[in-house]
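**Q** Here's a sequence, model it:
(chains A and B)
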Amino acid sequence: AQKITQTQPGMFVQEKEAVTLDCTYDTSDPSYGLFWYKQPSSGEMIFLIYQGSYDQQNATEGRYSLNFQKARKSANLVISASQLGDSAMYFCAMREEFSGGYNKLIFGAGTRLAVHP
Amino acid sequence: GAVVSQHPSWVICKSGTSVKIECRSLDFQATTMFWYRQFPKQSLMLMATSNEGSKATYEQGVEKDKFLINHASLTLSTLTVTSAHPEDSSFYICSAPDTQYFGPGTRLTVL
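**A** Numbering: from 1, shown residues only, chains lettered A, B, ... in the order given. Take a look at the predicted model:
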């Protein structure tokens, strides 16, 4: 079963506008973490933001915020004041942390964001 | 934060040759390292988990004889693609468990 779903293959946004990238997840573990990564054309995976399943507040990191709706199992990324340099592929990922040992990240299919001047 | 390096950043090889990719943890010790593969325009998929002092754990469908993983020390894990073929051309990236950090990746092109 698909554990991480990103329904938007591509998104366009005007520079300086805000944009929301969707992510829904599926898990039966009570303890998990949700991540967003940016992957520019160079290929490196740049960590943006993390939300723990028990965190009461939505995570924020500068222009990035995570709209965490636990009951809906969604973890949308909001980028405010888009910049041309935000154009990249964005991946949502989940790590189930209930079981012991090291747990892998499970990635969604990604959303390609294009910021237009 | 945890810094992970990879070498080489890109490699082009002939079909049938073997290629070794190194993943190093620069400012921490790692008893485990994850290896991911990303085909063009696709997402990252976990290939295997390297374990210092024991055998690597491979994900279903990944040929362990083709993708040799060795966790040589607490700071070095290597992935060797043996007898590479064009279908092995991909982006290979390692990650330190329990951190959010990835290596910069290695782009392999097999001619």
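**Q** number of nearby residues for residue A:108?
**A** 25 (other C-beta atoms under 10 Å in any protein chain shown). (Glycine included, C-beta is placed from N, CA and C.)
**Q** name the helices or strands packed onto the strand or helix carrying residue A:36?
**A** Residue A:36 belongs to strand A:32-39 when assigned by DSSP states H and E. Here strand A:32-39 touches strand A:46-52, strand A:64-69, strand A:74-79, strand A:88-96, going by 3 or more C-beta pairs under 8 Å, 6 or more residues apart in numbering or on different chains; DSSP states H and E.
**Q** Give me the sheet partners of it and which way each runs.
**A** The pairing partners recorded for strand A:32-39 under DSSP bridges are strand A:46-52 (antiparallel), strand A:88-96 (antiparallel).
**Q** For that strand, C-alpha coordinates in PDB please.
**A** Extracted as PDB, the C-alpha positions of strand A:32-39 are listed here (Å, rounded to 0.1, in the frame of the first residue of the first chain):
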ATOM      1  CA  TYR A  32       6.400   8.600  13.300                       C
ATOM      2  CA  GLY A  33       8.100  11.500  11.800                       C
ATOM      3  CA  LEU A  34       7.400  13.500   8.700                       C
ATOM      4  CA  PHE A  35      10.000  15.200   6.600                       C
ATOM      5  CA  TRP A  36      10.200  17.500   3.600                       C
ATOM      6  CA  TYR A  37      13.200  17.600   1.300                       C
ATOM      7  CA  LYS A  38      14.100  19.800  -1.600                       C
ATOM      8  CA  GLN A  39      16.000  18.300  -4.500                       C
END
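**Q** All set, thanks.
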